[in-house]
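Visitor: What follows is a predicted protein model with its sequence.
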2 protein chains.
Amino acid sequence: MGLREEKKQATRTALSWAAIRLIVNRGYDRVLVEDIAAEAGVSPRTFNNYFGSKAEAVASRHLDRCVRMAEALRERPADEPLWDSIEHVMLETLKPGPEVTAHARPDKKEWAAGLQLMFVVPAIQAEFLRAAALAESALAAAVADRTGTDAVTDIYPQLVAATVTATLNVTSRLFVADNAGMRALITESLQHITKGLPPPA
Amino acid sequence: MGLREEKKQATRTALSWAAIRLIVNRGYDRVLVEDIAAEAGVSPRTFNNYFGSKAEAVASRHLDRCVRMAEALRERPADEPLWDSIEHVMLETLKPGPEVTAHARPDKKEWAAGLQLMFVVPAIQAEFLRAAALAESALAAAVADRTGTDAVTDIYPQLVAATVTATLNVTSRLFVADNAGMRALITESLQHITKGLPPPA
DNA sequence: TGAGAAAACTGCGGGTCACGCATCTTTGCG
DNA sequence: CGCAAAGATGCGTGACCCGCAGTTTTCTCA
């Protein structure tokens, strides 16, 4: 499909971005659905055609990223070791895309503070976790295809997917807290994982 | 404290149980907060003194279980290998407590069906994941104490906690879907984890 | 290119929810 | 026994989510 789907995706991301920006600036409960809709240039009713809640709108970008990660995994060379592919894909997917770097944000300090506040809201936390969980099935399917296992029957692909998600969650949490280097966090985490998480000597 | 805290906990679990029972029987959106409060014998307003939403009430039992798991980990012998302790604690914590076995449920078939339907509701999914994530910090702290690491600074304990949570999520999902043996699922999963999740030959 | 069909957007309305506030009741303690 | 603290309740409000019906936009096909 063409123009139709394109526009739909456009307003979808517009709504999500608007929600994030407003909430980071003003705080979660000082932003109304009405405000988000206005910011995105659509009717308030339309907002709920795209998202079931404010939190879902905020998390939708996270969901997209996670889904893209699963897709990217399918495009890695088949002979590459699985966990090398996973590391590559994670490192690749997390780097901010052009839509982020384009948006020049004047006050990085304030933005970071607002971000942290946003992740304190229970509804946001829950919705982010759910987004990751939703993408997990796609990830499991990709892992299953790659390893010759069954995404539904076998536990292995689901475990790998869940572990990747868990790693992403932990590193993300540390990232928004300390603003530490994401790449280092990921590589170190994956090393722990592939070694079987033995207690440190 | 004594009678005060006791009563509070009582109404809390009463509300949670009431929510679960009603929702499993009738479906999520055919149950009003008012109904849950009536079932538990308190005012509708009181419900929101305990829980911020219907979903949170439902997930609260799950949260309690996860927290108990972290506490139980602290009581394992210090010289036991970490992952043996984890396996033991997971197996121990998941078995239904006396409050479940006491409540004689007449129609197991219908109950299982209702349960599956309940976990389809997005708000429920999200809140369950959040409950697990909340308990994760307690779990990480326990792991940190045990391994001589720092629960905030070091990645290791957080990774272990997140992985345990992920395993619990996966096995729970498979359990409600197939009603398969939970114990077997857990032991197999932990074997994969401690081996570093290598792809099957 | 021009209808007709399909799909999205919009306004309206209702049912529910979450919570602040004030009040009343219960609990704990001196 | 009586007072202070904390919980429970009732009321009221603002916001949310969604069903429904009408309008506008987009797609398709002749």
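Guide: Received, thanks.

Visitor: wait, what's in contact with the most centrally placed residue in chain A?
Guide: In chain A, the residue lying closest to the centroid (C-alpha atoms, centre = their mean) is A:His62, at 2.6 Å. Neighbouring residues of A:His62 by C-beta atoms under 8 Å, 6 or more residues apart in numbering or on different chains: A:Phe128, A:Ala131, A:Ala132. For every residue, glycine as well, the C-beta is placed using N, CA and C.

Visitor: pLDDT for these - can I get that in a markdown table?
Guide: Formatted as a markdown table, those follow (pLDDT from 0 to 100):
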| residue | pLDDT |
| --- | --- |
| A:Phe128 | 98 |
| A:Ala131 | 97 |
| A:Ala132 | 97 |
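
Visitor: Pipe these into CSV and attach secondary structure, neighbour count and distance to DNA strand C per row.
Guide: Shown next, in CSV, are the contacts of A:His62 (DSSP: H, G, I helix; E, B strand; the rest coil; neighbours: other C-beta atoms under 10 Å in any protein chain shown; distance: C-beta to the nearest atom of the strand, whole Å):
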residue, secondary structure, neighbour count, distance to DNA strand C
A:Phe128, helix, 24, 18
A:Ala131, helix, 25, 19
A:Ala132, helix, 24, 22
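
Visitor: which stretch of helix or strand covers the residue nearest to the centre of chain A?
Guide: Per DSSP states H and E: A:His62 is located in helix A:54-74.

Visitor: Flag every buried residue along that helix.
Guide: Under the neighbour-count criterion of 16 or more other C-beta atoms under 10 Å in any protein chain shown, helix A:54-74 has A:54-70, A:72-73 buried.

Visitor: In three-state terms, label A:Ala112 for me.
Guide: helix (DSSP: H, G, I helix; E, B strand; the rest coil).

Visitor: what's the burial count for the nearest residue to it once chain neighbours are set aside?
Guide: Leaving aside its chain neighbours, A:Ala112 sits nearest to A:Asn179 (6.4 Å; criterion: C-beta to C-beta, 6 or more residues apart in numbering or on different chains). Residues near A:Asn179, counting by other C-beta atoms under 10 Å in any protein chain shown, number 12.

Visitor: Give me the distance between A:Asn179 and A:Gln116.
Guide: Noted for A:Asn179: a distance of 10 Å to A:Gln116, by C-beta to C-beta, to the nearest Å.

Visitor: Likewise for A:Leu190?
Guide: Distance, A:Leu190 to A:Gln116, by C-beta to C-beta: 25 Å.

Visitor: Looking at the two, which is more packed in?
Guide: Legend: neighbour count by other C-beta under 10 Å for A:Leu190 and A:Gln116, higher for A:Leu190 (21 against 13).

Visitor: Need the nearest residue in space to A:Ala14, chain neighbours excluded.
Guide: Nearest to A:Ala14 is A:Ala40, by C-beta to C-beta, 6+ apart, at 4.3 Å.

Visitor: quick one: A:Asp145 from DNA strand C, how far?
Guide: The gap separating A:Asp145 from DNA strand C is 29 Å, by C-beta to the nearest atom of the strand, to the nearest Å.
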